[in-house]
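Asks: compute the structure for the input listed below.
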Amino acid sequence: MFKKILIENLTCNASVGVYENEKLNKQKIIINLEIVLVKSIKTHTDNLKDVADYGKFRRIVLDIINSKHFNLIETLADNLIKKIGAFEKVENIKLKITKPDVFEDCSVSYEISDYP
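Replies: Coordinates of the predicted model:
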């Protein structure tokens with residue numbers, strides 16, 4: 001049985017991009033995060049210390065996004081994966097970052113996963 005935490009459509013403004021206007025102005029990005037938890041996690045205890053706290057994951061995402069300018073969403077994604085993957089209760093991660101407003105006719109996304 002797989003246990004997952006899903007953080008879906010976390011929308012925030014980020015300083016990300018290589019174009020001059022992206023360096024000068026924050027832009028909207030959307031984060032979707034799928035965190036597969038270790039099988040041994042104790043969900044039956046009803047105790048927060050026994051599970052993975054999704055609030056911490058959300059805070060990590062926001063803290064990293066707000067920490068500096070990233071030229072590439074790939075670099076931002078790599079930073080997020082490394083930080084969240086360091087938790088002992090995390091088995092695998094899939095992350096998708098979308099820039100919905102970068103072009104008028106489409107959005108652009110980058111997805112990274114450490115499992116198929």
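
Asks: which SS class is residue 56?
Replies: helix (DSSP: H, G, I helix; E, B strand; the rest coil).

Asks: so how far is residue 18 from it?
Replies: From residue 56 across to residue 18, the span is 31 Å (C-beta to C-beta, to the nearest Å). C-betas here are computed from N, CA, C, even on glycine.

Asks: what does the residue lying farthest from the centre of the chain show for phi and psi?
Replies: The centre of the chain is farthest from one residue, residue 45, which by C-alpha atoms, centre = their mean lies 27.2 Å away. The phi and psi values for residue 45, taken as degrees, to the nearest 10, are phi -80, psi -20.

Asks: buried residues in the helix or strand of the chain with the lowest mean pLDDT?
Replies: Using mean pLDDT, DSSP states H and E, the weakest-scoring helix or strand in the chain turns out to be helix 20-24, at a mean of 92. By neighbour count on 16 or more other C-beta atoms under 10 Å, the buried set for helix 20-24 is residue 22.

Asks: who are the packing partners of it?
Replies: Using 3 or more C-beta pairs under 8 Å, 6 or more residues apart in numbering; DSSP states H and E as the contact test, no helix or strand touches helix 20-24.
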